[in-house]
Structures are given as C-alpha cells and as structure tokens.
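[1] give me coordinates for this.
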Amino acid sequence: MVSAFLAAARGGDFEGLLRVLDPEVRLTVDTPGGLVVTLGATKVAAGAQLAAGAATLGRAALVGGLPGVVSWREDGTPLSVLAFTVTDGRITAITAVVDPSKLAQMDPPDPA
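    Residues are numbered from 1 along each chain as shown. Alright, predicted model coming up:
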C-alpha cells in the first residue's frame, strides 16, 4: 500500500492516490511551527503530490513498527519521516515529521 502511494505521488497520479487513501484519511505533520492536521483524501492527495517533488531520495522503512518512508535532501540531510496506518487495504492515517530539530533526534537509516 505504501509503495502504491509513493508511486502515485511521484508519478503525479492523483486518481491513484485517491484509490489507496481512505476517504477520511488523517495526515498529521509535525513542523517547526507545531502540528498541522489535514483531513480527507482529496486534500491529502494534493499535498502528497506537492511534497513528492521535494524529496530527492526516499526509501521504505519501519517507523515505530508501522510501514513508513524516510526521505533525504540531495546532501543526505533527513527531510521527512512518515508512518502509515493501513486498515482494510487503505491508508487511514499518515504521521509525518518534518521538523529539523526533531529529525535530528531520530536515528533514520542512511540514504544509501
């Protein structure tokens, strides 16, 4: 499910994103300014397409026991860590950390 989400986001396949996202999906992003919550498949899909272009390197990883993705900038600096909750074959929740100070406290795998 996560790989289908990533392929659709990177490929600009909006309809593909809607197929893997639950209509009531909840995206929670931990930013330097605090938590930002986005509700609904349409809004989350639109944001995913925008964010997909920012990450130059990304790979699947377990994040807190959940399927996830870690992405990095070209210089190897962590850009984001995402964890996905999948229920009945659809993504129902995405938790993302993009706050550089919090990313610095995490121990993500190397981008290699």
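[2] residue 73 and residue 1: what is the separation?
    26 Å (Cβ to Cβ, to the nearest Å). C-beta here means a position set from N, CA and C on the backbone, and glycine is covered the same way.
[3] list the contacts of the most centrally placed residue in the chain.
    Taking Cα atoms, centre = their mean, the centroid of the chain lies closest to residue 82, which sits 4.2 Å from it. Residue 82 makes contact with 63, 68-71, 94-97, according to Cβ atoms under 8 Å, 6 or more residues apart in numbering.
[4] now with 6 Å, please.
    68-69, 94, 96 (Cβ atoms under 6 Å, 6 or more residues apart in numbering).
[5] pLDDT value on it, please?
    Looking at residue 82, its pLDDT stands at 94.
[6] what helices or strands is whatever helix or strand residue 9 lives in leaning on?
    Under the criterion of DSSP states H and E, residue 9 resides in helix 2-11. Judged by 3 or more Cβ pairs under 6 Å, 6 or more residues apart in numbering; DSSP states H and E, the packing partners of helix 2-11 are helix 14-20, helix 41-52.
[7] now mean pLDDT, distance to residue 89 and mean neighbour count too, for those, in JSON lines please.
    Below are the helices and strands packed on helix 2-11 laid out as JSON lines (pLDDT from 0 to 100; distance: least, Cβ to Cβ, whole Å; neighbours: other Cβ atoms under 10 Å):
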{"stretch": "helix 14-20", "mean pLDDT": "94", "distance to residue 89": "8", "mean neighbour count": "17"}
{"stretch": "helix 41-52", "mean pLDDT": "88", "distance to residue 89": "14", "mean neighbour count": "17"}
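[8] export those helices as JSON lines, with columns for distance to residue 31.
    Supplementary listing: those in JSON lines, determined by distance: least, Cβ to Cβ, whole Å:
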{"stretch": "helix 14-20", "distance to residue 31": "21"}
{"stretch": "helix 41-52", "distance to residue 31": "12"}
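[9] what about this protein, any weak spots by pLDDT?
    Where the chain drops to pLDDT under 70, the residues are 53-56, 112.
[10] could you redo the last one with a cut-off of 80?
    Within the chain, the ranges that satisfy pLDDT under 80 run 50-58, 108-112.
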